[in-house]
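1. sequence plus the predicted model coming up.
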Amino acid sequence: MSFRIHEDAGYNVTYEKLIAAVRKSVAGNWWYEPTSFYAFESELGISDLAATLKAAIRSDRDLIILGMPDFKSGRIIGKCDDQDIFKIIPFMKNV
């Protein structure tokens, strides 16, 4: 998962909500060394996980890219202005 939270007065609240949603969804290992990139195991399917993460952000200004490379499955959650992602990763879906 990679994410971008719009920097405004709601940034800290949104960041904390997103991190809480990730922690709640993790089932096993997770890695979060780089800024705005998390790799983790979850028992949730990608659609359920996308819904959980979407509830934590402001979809009109924040963005999450969620992927399950083992299954060639991906989701764009929130505000995505550059539609080239759907050409580069054709199995990516917008939620």
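-> Cool, the structure landed.
2. which strands and helices lie in contact with the lengthiest helix in the chain?
-> Longest helix of the chain, by residue count under DSSP state H: helix 11-25. For helix 11-25, the packing partners by 3 or more Cβ pairs under 8 Å, 6 or more residues apart in numbering; DSSP states H and E come out as strand 39-42, helix 46-54. For every residue, glycine as well, the C-beta is placed using N, CA and C.
3. give me the angle between that helix and helix 46-54.
-> 150 degrees (axes from the mean of the first three to the mean of the last three Cα atoms, to 10 degrees).
4. what is the rounded mean pLDDT of the following helix or strand past helix 11-25?
-> Sequence-wise, the next helix or strand downstream of helix 11-25 (DSSP states H and E) is strand 26-31. Regarding strand 26-31, the rounded mean pLDDT is 93.
5. show me what strand 26-31 pairs with in its sheet, parallel or antiparallel.
-> strand 39-42 (antiparallel) (DSSP bridges).
6. what mean pLDDT does the partner strand get?
-> On average, strand 39-42 scores 94.
7. hmm, who's touching it?
-> Residues from elsewhere that reach strand 39-42 (Cβ atoms under 8 Å, 6 or more residues apart in numbering): 1, 22, 25-32, 49.
8. dump the residues you listed to CSV, plus neighbour count and distance to residue 63.
-> As requested, the contacts of strand 39-42 are exported to CSV (neighbours: other Cβ atoms under 10 Å; distance: Cβ to Cβ, whole Å):
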residue, neighbour count, distance to residue 63
1, 22, 11
22, 21, 15
25, 19, 18
26, 15, 21
27, 10, 24
28, 8, 25
29, 8, 25
30, 15, 20
31, 10, 20
32, 13, 17
49, 21, 16
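9. so what's residue 20 up against?
-> residue 56.
10. need the per-residue pLDDT for it.
-> 96.
11. swap in residue 4?
-> 97.
12. tell me how many other residues surround it.
-> By the criterion of other Cβ atoms under 10 Å, residue 4 has 15 neighbours.
13. next: the one 3 residues further on.
-> Other residues near residue 7 number 8, with proximity taken as other Cβ under 10 Å.
14. three-state assignment of it?
-> coil (DSSP: H, G, I helix; E, B strand; the rest coil).
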